[in-house]
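> below are the sequence and a predicted model for it; my questions follow.
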Amino acid sequence: MILQFLLAMTATASFAVLFGVPKDQFFFSSLTGALGWIGYLLFCEYGAGTAMASLMATFLLTVLSRFFAAFRKNPVTLYLLTGIFTLVPGAGIYYTSYYFIMNDMGRFTAKGIETFQIAGAISIGIIFGFSIPQKLFQFRRRVKASS
Amino acid sequence: MSHQKKASDAHASSPCSDCRSKEILTLAVEIGDALLRSGGEIYRVEDTLFHILDAYGLAHFDVYVLSNGIFASVDEPDACSLSMIRHVPLGDVHLGKIAALNQLSREICAHAISLDAAWARLRDCQALSLPDAWMQGLSCGIGCACFCSIFGGSVLDAFCTLVPGIFLQYMRLSHQAKNVSKFMTNIVGSAFLTAASLLLLHLNLPIHPDKIVIGGIVPLLPGIALTTSIRNLFNGDYLSGAIHLLDALLTAMCIAVGVGFVIIFYQHIKGGAFLP
């Protein structure tokens, strides 16, 4: 699990380089991505399906991004866009295409539906994450500053 | 590129000398353009434009932003009325620019910065560039290798993803320089990765080609388009959300086509199925 965490962190950090994230924010954006991925693994382990785990992990990712954004006074985009890559269903796209080519229509349909479910779950996770009022995050920052 | 040059010329000469609102509007639209170009959400761009125009004392203005265009007009009672339309093609995501521009607009809103200083700062922000090509290539390769590994690939798989990942980024950069369509880049990129993984499999290495491809296509995935689309939809900008959603769907389809094409081709050569 620790290895997964470190790998996810490196992966997100190298994508942060690609998208030109400022150097002082590297740590936070890679931390968001890694925590999102670990969240996904944990939700999977405790019996959530891939779609449900994606939803929960995206929600976690969005909330963390917003928290860091308020805490570091930067746009949310900085953390959210780099972190989301661990959760986007790339494997789904590959297997859907693969089973289609192999003429395995049963598995093609199953994978295709799963891919769309994950994409939908990510959307819902983001929407839930942004539904939390901004005030809550500002309150948290004040607590952090005073302690 | 040409229209941007025109805008800065207009700023330098300023034909209508008592027309301060023109300079303010140009500044605001330039900032909005830079934000939108680097991948900012519609809500952020609109909000920034509103606040800048407001901070410099304009009261009668309106702004409408789409994911590839900005429309802004100012109609002050004591000055000439102005409007500006800007076409902004979907460009490269540069989050550092967004952060810098966000900081600039924060300072403008706090009235901490004069109009001339704001122009100078905007030029600085626009001059921010992405890291060098070799740095981008290397980080893309490392990223692909790590993604391959966390999605279940072995250590050997990760090493095998590293090199195609580096080439992939170089290919994307050269396509960008030659203005190749994004669809083509995605199809050729995913096809290249699949071909590379199958070639390695053919060398009798104990690898999992599916994991290599899954790790390698991560930089092509429409994660940013999907996220931006959902955020735009959530903020009520349905048209811009739909544009990005379509972009995400088409990108995913292009990746699938690239992968599928190479697998079909491989089957024809080898004359049989291979295990995923």
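Received the coordinates, thanks.

> those residues of the stretch 51-200 of chain B touching chain A, which are they?
B:93-100, B:102, B:106, B:128-131, B:135-136, B:139-140, B:142-143, B:146-147, B:149-151, B:169 (CB under 8 Å from any CB of the partner chain). Placement of C-beta: from N, CA and C, glycine included.

> can you say which of those residues are buried?
B:93-100, B:102, B:128, B:130, B:136, B:139-140, B:142-143, B:146-147, B:149-151, B:169 (16 or more other CB atoms under 10 Å in any protein chain shown).

> among the residues of the stretch 51-200 of chain B next to chain A, name the ones in strands.
Per DSSP state E, strands hold no members of those.

> any residue of stretch B:254-271 touching chain A?
Yes. Stretch B:254-271 comes into contact with chain A (CB under 8 Å from any CB), by way of B:255-257, B:259-260, B:263-264, B:267.

> kindly write the PyMOL command that selects the buried subset of the residues you listed.
A single PyMOL command selects the buried members of those (16+ other CB under 10 Å):
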select buried, chain B and resi 255+256+257+259+260+263
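
> pLDDT-wise, which helix or strand of chain B ranks last?
helix B:2-13 (a mean of 46; mean pLDDT, DSSP states H and E).

> please pull up the helix or strand immediately following that helix.
helix B:20-37 (DSSP states H and E).

> how many neighbours does B:Met249 have?
I think there's a mix-up here, since residue B:249 is Leu and not Met. 15 (other CB atoms under 10 Å in any protein chain shown).

> if I pick it, what's in contact with it?
B:Pro222 (CB atoms under 8 Å, 6 or more residues apart in numbering or on different chains).

> just the helices in chain B please.
For chain B, the helices defined by DSSP state H occupy B:2-13, B:20-37, B:42-55, B:95-109, B:115-127, B:133-150, B:155-177, B:182-202, B:209-216, B:223-234, B:238-270.

> name the helices or strands packed onto the host helix or strand of A:Phe67?
Using DSSP H and E, A:Phe67 maps to helix A:50-72. Packing contacts for helix A:50-72, counted by 3 or more CB pairs under 8 Å, 6 or more residues apart in numbering or on different chains; DSSP states H and E, involve helix A:26-45, helix A:77-83, helix A:105-131, helix A:134-146.

> give me that answer again for 10 Å
helix A:26-45, helix A:77-83, helix A:105-131, helix A:134-146, helix B:223-234 (3 or more CB pairs under 10 Å, 6 or more residues apart in numbering or on different chains; DSSP states H and E).

> deepest of those helices, which one?
helix A:77-83 (a mean of 29; mean count of other CB atoms under 10 Å in any protein chain shown).

> residue 93: what's it in contact with?
You didn't pick a chain, so chain A it is. Residues in contact with A:Ile93 (CB atoms under 10 Å, 6 or more residues apart in numbering or on different chains) are A:111-112, A:115, A:119, B:190, B:213-214, B:217, B:220-222, B:251-256, B:259.

> actually, chain B is the one I wanted.
B:Val93 neighbours (CB under 10 Å, 6+ apart): A:18-20, A:77, A:81-82, B:37-40, B:130, B:224-225, B:228.

> buried residues of stretch B:232-251, list them for me.
B:232-235, B:237, B:240-241, B:243-245, B:247-248, B:251.

> of all pairs in those residues, which one is the farthest apart?
B:Asn235 and B:Thr251 (22.1 Å; CB to CB).

> distance-wise, check B:Tyr124 relative to B:Gly96.
Check again: residue B:124 is Asp, not Tyr. 12 Å (CB to CB, to the nearest Å).

> same check, this time on B:Ala34
12 Å.

> between those two, what contacts are shared?
Taking CB under 10 Å, 6+ apart as the contact rule, B:Ala34 and B:Gly96 both touch B:125, B:128.

> next up, the contacts around A:Pro75.
A:65, A:69, A:81, B:35, B:40-41, B:44, B:95, B:98-99, B:101-103.

> brain fart, B:Pro209
A:98, B:157, B:160, B:193-194, B:196-202, B:263, B:266, B:274-276.

> select only the buried ones of these in ChimeraX?
Typed into ChimeraX, the line below selects the buried ones among the contacts of B:Pro209, using 16+ other CB under 10 Å:
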select /A:98 /B:157,160,193,194,196,197,198,200,201,263,266
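
> for the most centrally placed residue in chain A, what are its contacts?
Centroid-nearest residue in chain A: A:Ile84, 3.8 Å away (criterion: CA atoms, centre = their mean). By CB under 10 Å, 6+ apart, the contact set of A:Ile84 is A:12, A:15, A:32-33, A:36, A:57-58, A:61-62, A:65, A:122, A:125-126, B:221, B:223-224, B:226-227.
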